[in-house]
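Trainee: Requesting a structural model of the entry that follows:
(one chain, ligands or ions: 1)
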Amino acid sequence: NSVFAHVVRAPEDPILGVTVAYNKDPSPAKLNLGVGAYRTEEGKPLVLNVVRKAEQLLVNDRSRVKEYLPIVGLADFNKLSAKLILGADSPPIQENRITTAQCLSGTGSLRVGGEFLAKHYHERTIYIPQPTWGNHTKVFTLAGLSVKSYRYYDPATRGLNFQGLLEDLRSAPAGAIVLLHACAHNPTGVDPTLEQWEQIRQLVRSRGLLPFFDSAYQGFASGSLDADAESVRRFAADGGECLIAQSYAKNMGLYGERVGALSIVCKTADVASKVESQLKLVIRPMYSNPPIHGASIVATILKDRDLFNEWTIELKAMADRIISMRHQLFESLRAKGTPGDWSHIIKQIGMFTFTGLNSEQVAFMTKEYHIYMTSDGRISMAGLSSRTVPHLTEAIHAAVT
Ligand code: PLP
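Mentor: Residues are numbered from 1 along each chain as shown. You can find the predicted model right below:
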């Protein structure tokens, strides 16, 4: 008899489980709108040309070896990542008071940041938006933080509950950590305006809250790397401290390479170097040091002007295709006369639309139309194409009428 005979089967991950169910469906009409990964108009995964080029350069460079990286990863990658999110002329970079560690994509960066805070920061409570990416609660709880939420989404307007957000952050204990999505909030696609960001920044600073930015979609939301980093840049420029978790999964299409970075902006260079020494103690017993390949691809692209420019063009093409899908779906629902106001489809930003469909309607669409999505009604616009918009329109129409 197995010593593990008592182990009970765990439920599928609510997001990754959608793909498991999709894979089992034999219908040729099936459509996977659950997965948070870019697909081409033909429904295929995409490797960017610029990534292929960088990989070729790496392969041809016979001087490259497979030695271990340092605990905090590839130095070039770290410098260039900080510059990418904050801008080259950002005060923390100029004053050398930022420390950056290459981590395992966005998830790993959040986890390392969370553990560092649980060990070295005086306030263990982190406030996350309601709703948020499903993994946040688990990542931060296991890191040793206590997770609370602040109001974010208003189902009535399918927009931001700005008053609720301000009230909740105002009543958070001084010093509490606040998780903010840098742009393209997942799952709602609802972001604060720049004026609202400014009010959030003032409130966060006046209450002495510690901002922790999750930047999983820089450049992927609007098509502009600078515009999508504006929220973070304002916080980094005001002299205060913050943490930033960056992911290259979506914006460089490096999902499975697990490339990301954790940056901690400090008040002085001396504090930043001490913080870095402690980050090493968090990372070393967790996975010793990060993988070399993906970070080398990113560094190769970021440090070469031509490759960088080529990347921005390919990135914008991905963002534009998603934005075009929003318009096509919206127009298609309108043309069909589907009841309801669907303008949130074109107002929301980033990879996802929070449709407002409830879990029964989602179940109906899966059963009758073989359309797969998370039960909260979130659909990945990247999984949609001109060819599949009519099928989705039919399904939504049937679900709401
Ligand atoms: N944070 C948010 C808001 C996300 O949507 C995701 C991915 O879906 C991540 C973090 C982490 O992604 P990864 O670990 O693949 O970089």
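Trainee: Now stretch 136-145 - C-alpha only, CSV.
Mentor: Output of stretch 136-145 as CSV, limited to C-alpha atoms (Å, rounded to 0.1, in the frame of the first residue of the first chain):
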residue,chain,number,x,y,z
HIS,A,136,-1.9,36.7,-5.9
THR,A,137,-3.6,35.5,-2.7
LYS,A,138,-1.7,32.2,-2.7
VAL,A,139,1.7,33.7,-3.6
PHE,A,140,1.6,36.3,-0.9
THR,A,141,0.0,34.0,1.8
LEU,A,142,2.7,31.4,1.2
ALA,A,143,5.4,34.1,1.3
GLY,A,144,4.3,34.8,4.8
LEU,A,145,2.1,37.9,4.4
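Trainee: Help me confirm that residue 294 is found in a strand?
Mentor: No - Residue 294 is assigned helix when assessed by DSSP: H, G, I helix; E, B strand; the rest coil, not a strand.
Trainee: That one reaches residue 255, doesn't it?
Mentor: No - contact criterion Cβ atoms under 8 Å: residue 294 and residue 255 do not qualify, at 9.7 Å. Where you see a C-beta, it was placed from the backbone N, CA and C, and this is true even at glycine.
Trainee: of those two, who's got more company?
Mentor: Taking other Cβ atoms under 10 Å, residue 294 and residue 255 do not tie; residue 294 has more neighbours (25 against 18).
Trainee: Longest helix of this structure, counting residues only.
Mentor: Identified as the longest helix of the chain according to DSSP state H is helix 305-336.
Trainee: Quick one: neighbours of residue 307, just the number.
Mentor: Neighbour number of residue 307 under other Cβ under 10 Å is 17.
Trainee: Excluding chain neighbours, what is closest to residue 287?
Mentor: residue 104 (7.1 Å; Cβ to Cβ, 6 or more residues apart in numbering).
Trainee: hmm, I was thinking of residue 176
Mentor: Counting by Cβ to Cβ, 6+ apart, residue 176 lies nearest to residue 125, which is 4.8 Å off, once chain neighbours are set aside.
Trainee: which residues pair with that neighbour across the strands?
Mentor: Bridge pairing for residue 125 (DSSP bridges) gives the partners residue 146.
Trainee: The one helix or strand residue 274 maps to and the ligand in contact?
Mentor: According to DSSP states H and E, residue 274 maps onto helix 269-287. No - applying Cβ under 6 Å from any ligand atom, one finds helix 269-287 out of contact with the ligand, separated by at least 13.9 Å.
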